[in-house]
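S.K.: okay, predicted coordinates and the sequence, questions at the end:
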Amino acid sequence: MIGVNTARQWNTPEIRKLIFHVAVVADMALLCILAAIPGIWNLRGNWLRGWPLPIDLALFCGLYYWLFRPSLQEFLTKAGLLSAFGALFGYLLFPGVREVLTRILDRNQVAFAVAYAAIELLVLYLLARKVRGMLRASGNVEAILRTSLSEKFGTGWVGRFAYFEARIWYYGLFMRRGSKPAFEGKEHFSYAYNDGNVHHQFCVVMLLIFDMPISHFITHLAISGRMALLVTILAAWNVLYFVAQYRASHVRPVSLDERTLYIRYGVLSRDRQIPLHMIARAVPMKDSDERLPGELRYRQFGSLNVAIELHAGSTLTNFFGVASPVTRVAMSMDDPVRFMQAVCRAVTVNDPC
């Protein structure tokens, strides 16, 4: 019985994920030794071939499938990402790999641009299918998006990145004027107008738009028409992110219910869900207060005026799902007094902040 329990403990998804990550890191370390440290393993630095890299990538793709048994779509997605990361690693490490990849990139510039555009269009297509129905209903648009994309890309960092891109498209292009999406939480608090926050964002968007034709013209004269077109496309893409941030700041609130504090701050900052049992108190703060170790800050163009202090030992996960210690969360709110009072009431009734 003890042997069975031990086998089950070692067969958990977390342990398999740890095994895979340790194997990848160990292989990267061995490749670094092979490429950077002269010795008998690389003929005193005279043998720097890049062919072990694709063999390693094939082995690790097989190891990933053997450990996790993913669906075909998930396996192809993760294999593609692993191959792209391996190619970048080899490009930086092995001169032979760098030469081969440079030739491939030079000969297939258009193909790579089209492939990247196709990925973005796929996300846009999946988003449009969902948004078309959501615009006719007053439901929680983001929850439906999150569920839909997690079914396609999983709940790991790939799914989170797809969800991030989908929100950019939704708030930048699809959200209608006057829309009031629903969000988790019973009480909602805004941050859009503290110190003219969204007004400053609007000025940044206008500055970027007015700068685009000037930059295009100067780049066209100084370098080439192709480079000017590329710069303009990238600038337009950049504007989309700022427009999404501006529009989302109007409608995405910081929310509170009897269990959780939901921190939403535009779309460029990562959302946080903080259980109320982790919160010690909510106190005023100033924009000039010194930043503490493990502090998260949400401010945009406003001034910091609220600090959510957490109990010692509190941790929150980052983008990659790794827990990191957090001491307090500094925020810029439109009505800091009302927000702090609501947090204090939710945290404790008998011992108010």
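M.R.: Looks like it arrived, so ask away.
S.K.: skipping adjacent residues, who's closest to Gly313 in space?
M.R.: Closest residue to Gly313 apart from its sequence neighbours, by Cβ to Cβ, 6 or more residues apart in numbering: Pro325 at 7.4 Å. In short, each C-beta sits where N, CA and C put it, glycine included.
S.K.: wait, that neighbour sits on Ala312?
M.R.: No: judged on Cβ atoms under 8 Å, Pro325 makes no contact with Ala312 at a distance of 9.1 Å.
S.K.: just to revisit the earlier point, the residue nearest to Gly313: neighbour count?
M.R.: 12 (other Cβ atoms under 10 Å).
S.K.: what's across from it in the sheet?
M.R.: When assigned by DSSP bridges, Pro325 has beta-bridge partners Thr315.
S.K.: for it, give its distance to Ala307.
M.R.: Noted for Pro325: a distance of 16 Å to Ala307, by Cβ to Cβ, to the nearest Å.
S.K.: one more: Val100?
M.R.: 53 Å.
S.K.: neighbour count winner among those two?
M.R.: Shown here are Val100 and Ala307; by other Cβ under 10 Å, Ala307 has more neighbours (22 against 16).
S.K.: how far out from the middle of the chain is the helix or strand containing the more buried one?
M.R.: If you go by DSSP states H and E, Ala307 is part of strand 306-310. Centroid separation for strand 306-310 versus its chain: 24 Å, with Cα atoms, centre = their mean, to the nearest Å.
S.K.: begin at 56 from now on, thanks
M.R.: Taking 56 as the first residue, the last one we looked at is strand 361-365.
S.K.: and it, what does it pack against?
M.R.: strand 334-339, strand 383-386, helix 391-402 (3 or more Cβ pairs under 8 Å, 6 or more residues apart in numbering; DSSP states H and E).
S.K.: for Ala81, give its distance to Val384.
M.R.: Using Cβ to Cβ, Ala81 is found at 36 Å from Val384.
S.K.: what do you get for Glu364?
M.R.: 8 Å.
S.K.: which of the two has more neighbours?
M.R.: Taking other Cβ under 10 Å, Glu364 and Val384 do not tie; Val384 has more neighbours (21 against 18).
S.K.: so how many other residues sit close to the nearest residue to Ile318 once chain neighbours are set aside?
M.R.: Spatial nearest neighbour of Ile318, chain neighbours left out: Arg327 (4.2 Å); criterion: Cβ to Cβ, 6+ apart. Using other Cβ under 10 Å, Arg327 has 19 neighbouring residues.
S.K.: kind regards, and thank you for your time.
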